[in-house]
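Asks: Generate a structure from the sequence data that follows.
(chains A and B)
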Amino acid sequence: MAVAIAEARAGKRGERVYSGRVPQLLERGFIAFKSSTYMIVISGFLEPVLYLLSFGYGIGKLLPTITVGSATIKYAAFIAPALLATSAMNGAIYDSTMNVFFKLNHDRIYHGMLATSMGPLDVALGEIGWALIRGFSYACAFMIVIAPLGLVESMWGLLAIPAAVLIAFGFAACGMAITSYMKSFQQLEIINIFLLPMFLFSGSFYPISVFPQWLQFTVNLLPLTHAINLVRGLCLGNINMALLGHAFYFIVMIIVGLFFTTKRLNAIFMK
Amino acid sequence: MSNPLISARGLTKKFGDFTAVNGIDFDVFKGESFGFLGPNGAGKSTAMRIIGATSQRTSGTITVLDKDPEINGPQIRAHLGVVPQQDNLDMQLSVAENLYIYGRYFGLPRKFVKGKVDELLAFAQLEEKRDAKVETLSGGMKRRLTIARALVSEPEILMLDEPTTGLDPQARHILWDRLFRLKEQGVTLLITTHFMDEAEQLCDRLIVMDKGSIMAEGSPASLIKDYSTKEVLEVRFGSDRNQSMADQLRAMCDRIEELPDRVLMYTEDGEALLEKIYAANLHPKTSLVRRSSLEDVFLRLTGRTLIE
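Replies: Numbers count the residues shown, from 1 in each chain, chains lettered A, B, ... in the order given. Below you'll find the model as predicted:
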């Protein structure tokens, strides 16, 4: 039967590297989630909620409102979109770096997968797909927490959910590409060294207009800045062309990330 | 004879300047148990990976079920069950889940795979471990699970890379028993090993490989017949004296091999030779008469032992 299934794909585009098995890989994700990875997933959801409680209501007491452009909003409503964007990033990065590194080099799970009639592109898309499902669930769950608190100012805020998925996709694609070049577990720490300052300085807790010009310029190059500006713009209802620019940043990340991931996986598994 | 399932001609694989597989020719036929025997680094695993379309050859031709692995990788792998040298079970899943999801990777329907899981748990004698996490299994159990997993798609060809390396003797025998059963069911087995006893037990036909090349090909019995004598007498005179005795011993039989700890003497009749040694007033500290094995074939062909 396995043969007939594989033969049925003969002649289709990309048949050497892709066999249409993304649903089966997602199924693996769900089974693993039920039996072992659920704690990681839950902690990923709690993280932004805890930040919101601590900063939103702690600092929010000292600083009830903040002025963005011409509008004055609650401090918690200012940071909530940033936390949503950051949790999309963190979930995607965890899945595509630590998790992928272990499956690739330690447990060698991908080697097992690729001994079946799947191809490397199935594996790459399956892993990224799982990261997206997680990103989507986090975004929905966080929305359910912040919307009743009145922290979403506009109906455009609903679009923050697909935006979070886009953000997760970009980070997952690039994270996986970077991980495929990493030789040791220690090297992965480089990613963390980059992530934490990015979280702290990308306008999560205050507008980057407080920075000197040169730093503003640097921060504006970082992906998380674009993620935060995109989600914040939607949640506050500040709809303008700049949002498309931010989204485009992530589309480029997705294309570049997928290109290098597939290239590397082919080199690793088909050497 | 019918068309071979696998056919390689001048198969070569280079990694930079290093030639892992050096222009080898072989054919594997349906239902046979075919072995690659050789020491570590002989190119056995590389040859296996090329067959499984997870490594691309540098030159030469290979067809697996009349297809080229480089073009039809996924379609060829649908016929194969692969047991890698290093276990790569899914540590996040249980024993039964490992079997289930592996069947799903082949695109098989859920219902079919569920039935298969029960059957394979029984085959691998792992029914009691059904819901256990993989990391709690012993080495032998992990190996059996890996073999069961490779069977989930009902492959025509089962490829086993060093199937019993690292297992204790009891676990090895259980595993061999399982492989015999598969052979009886008509599954074509492809086995790499550096254990001569494993090759003798499991393989109908094998190629002896060293440094990427084929040194000899045939059934275990015919290889022994062609490259060795019927019996071998092993004598030990103590490490300092083995060498000085060698010239005297060489005159007494067809051929000798001097190993660091003992001298191997090749002869049709080991007991008679031993008597001749005593008659010549040479007194080995220990002596042992045994039948020739593939180890002797390898030693003859390469001047080296299999396990160094």
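Asks: quick one, helices of the stretch 1-150 of chain A?
Replies: Applying DSSP state H, counting those that start in this stretch to the stretch 1-150 of chain A gives helices spanning A:2-7, A:22-32, A:38-51, A:58-62, A:75-94, A:100-101, A:109-113, A:120-146.
Asks: out of those, nearest to B:Val117?
Replies: Smallest distance to B:Val117 across the helices of the stretch 1-150 of chain A (C-beta to C-beta): 12.6 Å, for helix A:22-32. All C-beta atoms are positioned from the backbone trio N, CA, C, and that covers glycine.
Asks: near chain B, which residues of chain A?
Replies: A:1-3, A:5-7, A:9-10, A:15-16, A:19-21, A:24-25, A:27-28, A:31-32, A:35-37, A:107-109, A:111-119, A:269-271 (C-beta under 8 Å from any C-beta of the partner chain).
Asks: List buried residues within those residues.
Replies: Buried residues within the residues of chain A next to chain B, counting neighbours by 16 or more other C-beta atoms under 10 Å in any protein chain shown: A:2-3, A:5-6, A:9, A:15-16, A:19-21, A:24-25, A:27-28, A:31-32, A:37, A:107-109, A:111-119, A:269-270.
Asks: got a list of what the spatially most central residue of chain A touches?
Replies: Geometric centre of chain A, nearest residue: A:Ala168, 2.2 Å, by C-alpha atoms, centre = their mean. Contacts here follow C-beta atoms under 8 Å, 6 or more residues apart in numbering or on different chains; on that basis A:Ala168 touches A:Ala88, A:Met89, A:Gly91, A:Ala92, A:Ala131, A:Leu132, A:Arg134, A:Gly135, A:Phe136.
Asks: doesn't A:Ala164 make contact with the last one?
Replies: Think A:Phe136. Yes - between A:Phe136 and A:Ala164 there is a contact at 7.2 Å, judged by C-beta atoms under 8 Å.
Asks: more neighbours, these two?
Replies: Shown here are A:Phe136 and A:Ala164; by other C-beta atoms under 10 Å in any protein chain shown, A:Ala164 has more neighbours (31 against 17).
Asks: Tell me the secondary structure at the residue nearest to the centre of chain A.
Replies: With DSSP: H, G, I helix; E, B strand; the rest coil as the basis, A:Ala168 sits in helix.
Asks: quick one: pLDDT of it?
Replies: Predicted confidence (pLDDT) for A:Ala168: 94.
Asks: Please save the CA atoms from the helix or strand hosting B:Arg181 in PDB.
Replies: Taking DSSP states H and E as the definition, B:Arg181 sits inside helix B:169-184. Provided in PDB are the C-alpha atoms of helix B:169-184 (Å, rounded to 0.1, in the frame of the first residue of the first chain):
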ATOM      1  CA  PRO B 169      24.400 -12.200  23.300                       C
ATOM      2  CA  GLN B 170      20.900 -13.000  24.400                       C
ATOM      3  CA  ALA B 171      19.400  -9.900  22.800                       C
ATOM      4  CA  ARG B 172      21.400 -10.800  19.600                       C
ATOM      5  CA  HIS B 173      19.900 -14.200  19.400                       C
ATOM      6  CA  ILE B 174      16.300 -12.900  19.900                       C
ATOM      7  CA  LEU B 175      16.900 -10.500  17.100                       C
ATOM      8  CA  TRP B 176      18.400 -13.100  14.800                       C
ATOM      9  CA  ASP B 177      15.300 -15.200  15.400                       C
ATOM     10  CA  ARG B 178      13.100 -12.400  14.400                       C
ATOM     11  CA  LEU B 179      15.100 -11.800  11.200                       C
ATOM     12  CA  PHE B 180      14.900 -15.500  10.300                       C
ATOM     13  CA  ARG B 181      11.100 -15.300  10.500                       C
ATOM     14  CA  LEU B 182      11.100 -12.400   8.200                       C
ATOM     15  CA  LYS B 183      13.300 -14.200   5.700                       C
ATOM     16  CA  GLU B 184      10.900 -17.200   5.900                       C
END
